[in-house]
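A.B. asks: Make a model of this:
(one chain, ligands or ions: 8)
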Amino acid sequence: MKELFGKAGTLILATLLVGLTMSVAMAQENGVDQATGNTTPKLHKKLVIKRGLSPEAAKCIECHSKKTPGIVESWKKGKMAHASVTCFDCHVVEKSSPMASQCSGIKGSNIYISPMVSSKTCSRCHPQEVEQFLKSGHAKLASFPVVEKKKTLNLMYHLEGGEFAGNSRANSSNMASRAAGCQMCHGGKVELGPDHKPIKNTWPGGVGTRYPDGSIGTCTVCHTRHQFSIEEARKPEACASCHLGPDHPDIEIYMESKHGQIFATQGETWEWDSAPDAWQPGDYTAPTCATCHMSGIGELTTTHNINERLKWDLVHPKSVIRSGERGDGEKGAVLMRKVCANCHGPTQIAKEKNTLDDVVALYNFYWDGVVKMKKDLAAKGLLKKDPWSDGFQEIAYYFWHHAGRRARQGAAMNGPDYAHWHGFFQLFQMYKDLQAIYNYRIKNNKIEELSTVMSTGPL
Ligand code: HEC
Ligand code: HEC
Ligand code: HEC
Ligand code: HEC
Ligand code: HEC
Ligand code: HEC
Ligand code: HEC
Ligand code: HEC
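C.D. replies: Ligands and ions are numbered 1, 2, ... in the order given. Below you'll find the predicted structure:
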């Protein structure tokens, strides 16, 4: 099917660019390649297109196919191009928009554009996906630590930005860690200059980007521009650009799980482009990230709210059952088990659920111990004010943020190496180190001079 769509796209463009007035709909109905005269009858079934391209929209494409051919070529490969959703539909804004500017190609006209495109633009045609997305941790909550949270602002600018060592906050380099790091995954807040264009490297950004018109979210993190492919988003690599590394190694966990093994060995033969909610076992033989967290499967329908199928909060220092803005954990547990039930029997499903509950209980047991020791030390004045030069507090951070997440998420997604060697094995060792520092401080009623922890920490 893909090749046919490709051909249709080229045909639509060729038709427009030579200036014929034939509407897109007519080209589809005929299904005749103008150059060869060959008919492509299958097009009749697949493409129902009611909109033609306005001359203004055709102009954007014509000029940009020379000025930015990479963008136009990707766009042409996507399904939206074949439904004649163009640059004009997504980039043109009202003159009154805070983001309105003009590229050199439209200077002096009454058309205004923005290089920034948020989920609000998509919501015109995909209201349900955007509504679900906005309720999820991928929207406002994702940019919260980069935009609002005091502790992490301190981390970004005072510490990583080098302010503590004398690099002024007025220097653009002070923002470099945010612009190259946190913002690219979480999203930040876009700031505009007098020309209505982004300043201070605040754009582009990651999933929860906050736009100057108050809208939130960048859909391109999973459906890369300008193809906006559903196939891409179903593959685990679509999540891997953010869900990796020492503190949330989800792609690593997945690739070592049995599911990842099957994906790696058989994924090439899977059917990736079935229609939404029609992508079912048989198209694939093992789940990807999308299957478990988002896709329609069995009686479940597709959701863009990735919190919907979660029970536990496995990211913060103590794991609790999700509630409020983080989701509904009791309901989430039931939904996730419905995913498994498409391919596993009740005995194994119960085992996996019970194991995760026990893993969370064991981790929480350790964490409560850490918190108790820390409280004791604080009461006796035996904690340094700067946690980053205090061995106890440094290890306590790595305990929950790195090893503790690896143990919990490794168990949740069936990666035994992460649950154990990168997880619980390190947790018990770090707990013993914490006990040793605790005992030393209590016994001597003083804090050791130098931090006992290497700057890179135990990874
Ligand atoms: C379905 C909506 C959609 C269509 C159609 C679309 N774009 Fe985009 N475009 C986006 C989104 C989303 C972004 C990312 C914006 C963000 O991160 O704020 C983007 C970003 C861009 C950027 C800025 C990023 C960069 O790489 O410099 C340019 C330039 C651009 N698009 C040009 C075009 C052109 C030219 C066309 C027509 C061939 C087009 N777009 C069609 C949605 C669209
Ligand atoms: C005659 C050529 C031409 C036409 C027509 C044209 N553009 Fe552009 N566009 C450019 C060029 C060249 C650039 C590079 C920046 C510049 O010169 O302003 C650009 C830049 C852009 C950018 C990126 C702006 C940025 O700040 O990074 C977007 C988005 C864009 N155009 C969208 C459109 C849309 C939408 C249309 C149709 C309404 C359109 N363009 C029509 C030539 C054109
Ligand atoms: C003017 C209406 C319109 C706008 C605006 C729009 N879309 Fe679409 N989109 C469509 C239509 C129509 C289709 C169905 C195309 C088809 O299947 O033939 C579609 C399909 C899609 C698909 C499925 C593609 C596939 O491979 O099956 C994705 C993903 C998508 N859009 C994402 C977006 C995103 C992200 C935005 C905002 C940046 C956006 N759309 C803005 C009309 C729009
Ligand atoms: C490689 C992408 C990436 C980078 C870079 C990154 N994060 Fe994250 N962060 C994530 C992902 C993915 C999660 C969610 C993990 C989970 O749910 O298990 C997360 C979770 C978090 C959380 C916990 C969730 C919450 O909202 O309370 C905070 C806080 C956080 N990150 C802050 C930051 C800050 C601040 C920076 C930069 C100093 C940063 N992150 C850099 C990807 C990233
Ligand atoms: C551009 C980066 C990025 C991509 C790509 C991405 N995520 Fe996330 N994800 C994040 C961040 C950042 C968070 C943390 C949100 C927060 O702060 O609460 C997160 C959180 C999550 C959470 C936990 C939600 C919560 O509230 O705790 C799940 C589940 C999740 N992502 C699944 C996925 C899946 C599945 C994919 C791929 C289909 C994916 N993500 C792609 C950045 C990303
Ligand atoms: C975390 C990754 C991720 C993000 C972010 C994301 N999508 Fe999707 N999207 C997917 C996946 C995965 C599918 C395919 C679900 C399936 O298997 O049917 C999909 C499917 C779609 C479809 C096809 C119809 C449907 O609902 O299944 C549309 C339209 C769409 N997305 C639009 C959007 C829009 C608009 C946004 C921004 C609000 C967005 N997506 C953000 C992962 C993502
Ligand atoms: C077999 C189904 C399955 C697959 C495949 C899967 N997950 Fe998960 N995921 C789960 C389950 C189950 C949990 C724990 C749910 C709970 O809280 O009870 C989880 C938890 C998570 C969390 C932790 C959320 C939190 O509490 O912060 C993130 C993030 C996540 N998954 C992302 C991903 C990514 C990214 C991939 C692909 C690389 C992936 N998942 C693959 C089932 C899956
Ligand atoms: C699309 C089908 C599919 C779905 C959905 C699915 N799995 Fe699997 N799973 C498999 C297959 C196939 C295997 C490989 C069985 C083997 O080892 O021969 C497997 C293996 C496993 C294993 C490794 C142990 C074993 O049996 O070899 C665990 C653990 C597991 N699945 C848990 C889950 C959980 C928990 C869920 C739901 C959150 C889930 N799976 C969803 C297909 C699936």
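A.B. asks: Show me the contact partners of stretch 296-310.
C.D. replies: Applying Cβ atoms under 8 Å, 6 or more residues apart in numbering, the external contacts of stretch 296-310 come out as 129-130, 132-133, 135-138, 276-281, 287, 291-295, 322, 326-327, 329, 331-332, 335-336, 338-339, 341-342. Using the backbone N, CA and C atoms, a C-beta is placed for each residue, glycine as well.
A.B. asks: which bits of the stretch 201-350 of the chain sit near ligand 4?
C.D. replies: Residues of the stretch 201-350 of the chain that fall close to ligand 4, judged by Cβ under 6 Å from any ligand atom: 242-243, 245, 248, 314-315.
A.B. asks: hang on, the earlier thing: where helices are concerned, which of the contacts of stretch 296-310 count?
C.D. replies: Counting by DSSP state H, these place 129-130, 132-133, 135, 291-293, 329, 331-332, 335-336, 338-339 in helices.
A.B. asks: Just the buried subset of the residues you listed, please.
C.D. replies: 129-130, 132-133, 135, 291-293, 329, 332, 335-336, 339 (16 or more other Cβ atoms under 10 Å).
A.B. asks: Which members of those residues additionally contact ligand 7?
C.D. replies: Applying Cβ under 6 Å from any ligand atom to these, those adjacent to ligand 7 are 292-293, 336.
A.B. asks: Specify the residue ranges that define each domain of this structure.
C.D. replies: Split into domains by automatic domain parsing, the chain comes to 2-115, 129-221, 347-444.
A.B. asks: For Trp203, give its distance to Thr68.
C.D. replies: Distance, Trp203 to Thr68, using Cβ to Cβ, to the nearest Å: 17 Å.
A.B. asks: Between these two, tell me which one has more neighbours.
C.D. replies: The neighbour count for Trp203 versus Thr68, taken as other Cβ atoms under 10 Å, is higher for Trp203 (23 against 12).
A.B. asks: what's the spacing between Cys222 and ligand 3?
C.D. replies: Applying Cβ to the nearest ligand atom, to the nearest Å, one obtains 8 Å for the distance of Cys222 from ligand 3.
A.B. asks: Disregarding residues adjacent in the polypeptide, which is nearest to that residue?
C.D. replies: Ala233 (4.2 Å; Cβ to Cβ, 6 or more residues apart in numbering).
A.B. asks: ok, now which ones touch that neighbour?
C.D. replies: 222-223, 290.
A.B. asks: Gly423 too?
C.D. replies: Per Cβ under 8 Å, 6+ apart, neighbours of Gly423: 403-404, 406-408, 410-411.
A.B. asks: So which residues of this protein form strands?
C.D. replies: Per DSSP state E, the chain carries strands over the ranges 92-93, 112-113, 191-192, 198-199.
A.B. asks: one step back: nearest to ligand 5, of the domains of the chain?
C.D. replies: domain 129-221 (2.1 Å; Cβ to the nearest ligand atom).
A.B. asks: ends of that closest one, how far apart?
C.D. replies: Domain 129-221 has an end-to-end distance of 14 Å (criterion: Cα to Cα, to the nearest Å).
A.B. asks: And ligand 1, is that domain touching that?
C.D. replies: Yes - using Cβ under 6 Å from any ligand atom, we find that domain 129-221 touches ligand 1 at 204, 218, 220.
A.B. asks: Select from those residues the one having the most neighbours.
C.D. replies: In these, the most neighbours by other Cβ under 10 Å go to Thr218, 25 neighbours.
A.B. asks: now stretch 254-262, how far from the centre of its chain.
C.D. replies: 20 Å (Cα atoms, centre = their mean, to the nearest Å).
A.B. asks: Next, the buried residues of it.
C.D. replies: So, applying 16+ other Cβ under 10 Å, buried residues of stretch 254-262: 254-257, 259-260.
A.B. asks: Tell me the one of those nearest ligand 4?
C.D. replies: Of these, the one sitting nearest to ligand 4 (Cβ to the nearest ligand atom) turns out to be Tyr254, at 12.8 Å.
A.B. asks: ok, the closest one - contacts?
C.D. replies: 236, 260, 263, 288-289, 413, 415.
A.B. asks: What residues does this protein have near ligand 3?
C.D. replies: Counting by Cβ under 6 Å from any ligand atom, the chain sits next to ligand 3 at 79-80, 82-83, 85, 89-90, 117, 121-122, 124-126, 219, 223, 228-230.
A.B. asks: Give me the buried subset of those residues.
C.D. replies: 79-80, 82-83, 85, 89-90, 117, 121-122, 219, 223, 228-230.
A.B. asks: for this structure, which helix is longest?
C.D. replies: Longest helix in the chain, counting by DSSP H: helix 346-379.
A.B. asks: Is that one positioned near ligand 8?
C.D. replies: Yes - counting by Cβ under 6 Å from any ligand atom, ligand 8 has neighbours in helix 346-379: Glu352.
A.B. asks: Let the chain start at 49 from now.
C.D. replies: I'll keep to 49 as the first residue from here, and by that count the last item is helix 394-427.
A.B. asks: who are the neighbours of that helix, in terms of helices and strands?
C.D. replies: The contact analysis (3 or more Cβ pairs under 8 Å, 6 or more residues apart in numbering; DSSP states H and E) places helix 394-427 against helix 377-388, helix 439-446, helix 453-460, helix 473-492.
A.B. asks: Kindly reformat the ones you listed as a markdown table containing mean pLDDT.
C.D. replies: Formatted as a markdown table, those follow (pLDDT from 0 to 100):
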| stretch | mean pLDDT |
| --- | --- |
| helix 377-388 | 98 |
| helix 439-446 | 94 |
| helix 453-460 | 98 |
| helix 473-492 | 96 |
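A.B. asks: and those, which is most packed in?
C.D. replies: helix 453-460 (a mean of 26; mean count of other Cβ atoms under 10 Å).
A.B. asks: how much distance is there from that helix to the middle of the chain?
C.D. replies: 19 Å.
A.B. asks: What of stretch 165-176?
C.D. replies: The answer for stretch 165-176 is 17 Å, by Cα atoms, centre = their mean.
A.B. asks: need the contact list for the residue in the chain that ligand 2 sits nearest to.
C.D. replies: In the chain, the residue that lies nearest ligand 2 is Gly153 (1.9 Å; Cβ to the nearest ligand atom). By Cβ under 8 Å, 6+ apart, the contact set of Gly153 is 107-108, 111-112, 115.
A.B. asks: at 6 Å what do you get?
C.D. replies: Cys111 (Cβ atoms under 6 Å, 6 or more residues apart in numbering).
A.B. asks: pLDDT wise, what is it at?
C.D. replies: We have a pLDDT of 97 for Gly153.
A.B. asks: For the residues of domain 177-269 next to ligand 1, could you give me CSV that also reports pLDDT and distance to Asn353?
C.D. replies: Below are the residues of domain 177-269 next to ligand 1 laid out as CSV (pLDDT from 0 to 100; distance: Cβ to Cβ, whole Å):
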residue, pLDDT, distance to Asn353
Pro252, 97, 23
Thr266, 98, 16
Thr268, 98, 18
